[in-house]
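Asker: Any chance you can model this:
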Amino acid sequence: MSKKLRITVSIEEENGEAIITRESERTIPYISEIEEQGFRAAFHDLETAVLESRKEAGDSAVSEYLEHMSQKKPNLSREA
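Answerer: Got it, this is the predicted structure:
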């Protein structure tokens, strides 16, 4: 019986309002699978799931944030 690992990355305004929220989900081993696979193999599966999920969520959030920021035009008005 596997469990789910969910990692969420959120980029927020200073007031706490989320600009970007990305989530990634992976299946991780549960006690019965740890007993079947052995600790090292199950730990490897867990570690891989965490690393892949964190990378996926982080990369996606940063990519969308940069895209979002590139669409905003800075106020470059100069006073003479």
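Asker: from here on, contacts and neighbour counts on C-alpha atoms
Answerer: Fine.
Asker: how far does the strand or helix carrying residue 55 sit from the chain's center?
Answerer: Element membership of residue 55 [criterion: DSSP states H and E] is helix 39-71. Chain-centre distance of helix 39-71: 5 Å, with C-alpha atoms, centre = their mean, to the nearest Å.
Asker: For that helix, buried residues please.
Answerer: 42, 45-46, 49-50, 53-54, 56-58, 60-62, 64 (16 or more other C-alpha atoms under 10 Å).
Asker: average pLDDT for that helix?
Answerer: The average pLDDT within helix 39-71 is 94.
Asker: and if you look at stretch 11-19?
Answerer: For stretch 11-19, the per-residue pLDDT averages 93.
Asker: how long is that stretch end to end?
Answerer: Length of stretch 11-19, first residue to last, C-alpha to C-alpha, to the nearest Å: 6 Å.
Asker: Can you tell me what sits against it?
Answerer: 10, 20-21, 61, 65 (C-alpha atoms under 8 Å, 6 or more residues apart in numbering).
Asker: now that stretch, how far from the chain's geometric center?
Answerer: Taking mean C-alpha positions (C-alpha atoms, centre = their mean), stretch 11-19 and its chain are 16 Å apart.
Asker: which of the residues in that stretch are buried?
Answerer: Neighbour counts over stretch 11-19 (16+ other C-alpha under 10 Å) mark no residue as buried.
Asker: Ok, stretch 28-38 next?
Answerer: By neighbour count on 16+ other C-alpha under 10 Å, the buried set for stretch 28-38 is 28-29, 34.
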